[in-house]
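S.K.: Test case, fold it:
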Amino acid sequence: MQSKNLTLFIILAMVLGIICGYTVNQYADNSASLASFASYISLLSDIFLRLIKMIIAPLVFSTLVVGIARMGDSGAIGRIGLKTMGWFMFMSLTSLVLGLVMVTLLEPGVGLNLALPAVGTESGIAKGAMNLKDFLHHAFPTSIFDAMAKNEILQIVVFSLFFGVAGAALGERATPLIDVIDAVAHVMLKITTYIMNFAPVAVFAAMAAVIAKEGIEVLAVYGKFVAGFYASIFVLWCVITLLGFVFLKTRVFGLLRRIRGAILLAFTTASSEAAYPQTLEQLEKFGCNKKISSFVLPIGYSFNLDGSMMYCTFATLFIAQAYGIELTLMQKVMMLLILMLTSKGMAGVPRASLVVIAATLSQFNIPEAGLLLILGVDHFLDMGRSATNVLGNAVATGVVCKWENELGAEQDVLPEELESEVVAQPAPILDKPVTV
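M.R.: Residues are numbered from 1 along each chain as shown. Got it, this is the predicted structure:
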């Protein structure tokens, strides 16, 4: 009931935030006033996201280490790891191809009636380390404390894998330490319940700030692009759900019901990190083995960003269409292969999808200035891809648990399903009075 109330409050906060932002946008004196309003009110959402990021590093480390250490032999770890990475690579390719197909069919950039930026204009988005060499160099931390301080999820995952495997190898000698780390994980989840009470306020502030600054008209100007992307996201949701149904059968719909709050939180805050603790908790209640969910979910945040993957191909080809640049089939295939490599581990990069797109544009002689076309609506699109990332990782965890025969029954299903039966049961007939 508490979870349902939180979901309702988040939806209400989102609506009120849109109304507030639109009102301010219409009646503000000038753009400076709008920027000032957005800057101050977004402090509330920034505080919430900072609180979430505060617990992400210790939560990922503790849950992943405990999950691996208690998994047992290295053979089980390797087997589950191979299944996990196999699913992630398959879904990444599926998301990229689907984005390519949808943008080709919908052609949101063709006949765009917007003033195109000059070819040499700087987008302000640094390409960053997006080649394979730099990615591998970045993946391995020089210090776990530095990685935690910077919330480098991929580096934390790498260290946690080594730590967990070493703990499993030591067996009984490491048990006291693993128990302490397990207690840390539970403390982090308890802190999460406190932080989540602040979520509706953060959602209200985030929506009000964006609408006030950009204006709701920006959605009308880019209507074809935004509508095309969300139509593609809907198709991807259907594909993910269908693939989940293949392995989980009708239970996939129960999983969707369980994570709807986490999906909504990721959507309204445009941050899949914000939904991580809640997703982990709901997966356990869904019946996923805690050891496996603690292993699969953190890795998914670096290697299984389905919504972001789709956005990379969709936005890149949208920019090419806007400039009237035709890409051959071979060039599109090359783009998919490049994105498969460059997009891995992008979770720790600020504005990660834009960074990947900037790196990809230069590979195909598409003007980098085209990024300026999508910057104005990127927040609205980030909401959709963040929610999709949560869905993709939750389904992936459920599928891997099913493969390992570690998917148990749902835990707290009683209230809705059995309430009618409990009410319908007749009162017991007592044969003799009860003596008190």
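S.K.: Quick one: mean pLDDT over stretch 328-344.
M.R.: Mean pLDDT, computed over stretch 328-344, is 81.
S.K.: For it, output the C-alpha coordinates as CSV.
M.R.: Only the C-alpha atoms of stretch 328-344 are listed here, as CSV (Å, rounded to 0.1, in the frame of the first residue of the first chain):
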residue,chain,number,x,y,z
THR,A,328,24.4,3.1,-47.3
LEU,A,329,23.4,-0.2,-45.8
MET,A,330,27.0,-1.1,-45.2
GLN,A,331,27.6,2.2,-43.3
LYS,A,332,24.5,1.5,-41.2
VAL,A,333,25.8,-1.9,-40.3
MET,A,334,29.2,-0.4,-39.4
MET,A,335,27.4,2.1,-37.2
LEU,A,336,25.7,-0.7,-35.3
LEU,A,337,29.0,-2.5,-34.7
ILE,A,338,30.7,0.8,-33.6
LEU,A,339,27.9,1.5,-31.2
MET,A,340,28.0,-2.0,-29.8
LEU,A,341,31.5,-1.3,-28.7
THR,A,342,31.5,2.4,-27.8
SER,A,343,28.2,2.3,-25.8
LYS,A,344,29.4,-0.3,-23.2
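S.K.: And it, how far out from the chain middle?
M.R.: Centroid separation for stretch 328-344 versus its chain: 22 Å, with CA atoms, centre = their mean, to the nearest Å.
S.K.: now do stretch 308-320
M.R.: The chain centroid and the centroid of stretch 308-320 are separated by 18 Å under CA atoms, centre = their mean.
S.K.: end to end, how far does stretch 22-31 reach?
M.R.: 14 Å (CA to CA, to the nearest Å).
S.K.: and that stretch, which residues are buried?
M.R.: 22, 24-25, 28 (16 or more other CB atoms under 10 Å). (Each C-beta comes from the backbone N, C-alpha and C, glycine too.)
S.K.: Show me the longest helix that occurs in the chain.
M.R.: helix 31-69 (DSSP state H).
S.K.: from what I can see Gln331 touches Phe364, true?
M.R.: Yes: using CB atoms under 8 Å, Gln331 is in contact with Phe364, at 6.2 Å.
S.K.: and for those two, which residues touch both?
M.R.: Counting by CB atoms under 8 Å, 6 or more residues apart in numbering, Gln331 and Phe364 have no shared contacts at all.
S.K.: what's the neighbour count on Ala315?
M.R.: By other CB atoms under 10 Å, 28 other residues sit near Ala315.
S.K.: where in the stretch 1-150 of the chain is pLDDT low?
M.R.: 1-4, 72-73, 112-135 (pLDDT under 70).
S.K.: In contact with Gly21, which residues?
M.R.: 207-213, 216.
S.K.: cutoff 10 Å now
M.R.: Residues in contact with Gly21 (CB atoms under 10 Å, 6 or more residues apart in numbering) are 34, 37-38, 41, 204-216.
S.K.: ok, back up a step: pull out the buried residues from the helix or strand just after the longest helix of the chain.
M.R.: Next along the chain after helix 31-69, taking DSSP states H and E as the criterion, comes helix 74-106. For helix 74-106, a neighbour-count test (16+ other CB under 10 Å) marks 77, 80-81, 83-84, 87-88, 91-92, 94-100, 102-103, 106 as buried.
S.K.: mind checking how far helix 74-106 is from the chain centre?
M.R.: 15 Å.
S.K.: Stretch 33-44 now?
M.R.: 25 Å.
S.K.: Contacts for it, please.
M.R.: Contacts of stretch 33-44 (CB under 10 Å, 6+ apart): 17, 20-21, 24-25, 27-28, 30, 46, 49, 198, 201-215.
S.K.: switch to 8 Å and redo it
M.R.: By CB under 8 Å, 6+ apart, stretch 33-44 touches 24-25, 28, 201-202, 204-206, 208-210, 212-213.
S.K.: ditto for stretch 140-155
M.R.: With CB under 8 Å, 6+ apart, stretch 140-155 has contacts from 53, 56-58, 60-61, 138-139, 156, 158-159, 298, 301-302, 345, 347-348.
S.K.: I'd like the distance from it to the chain centre, please.
M.R.: The answer for stretch 140-155 is 20 Å, by CA atoms, centre = their mean.
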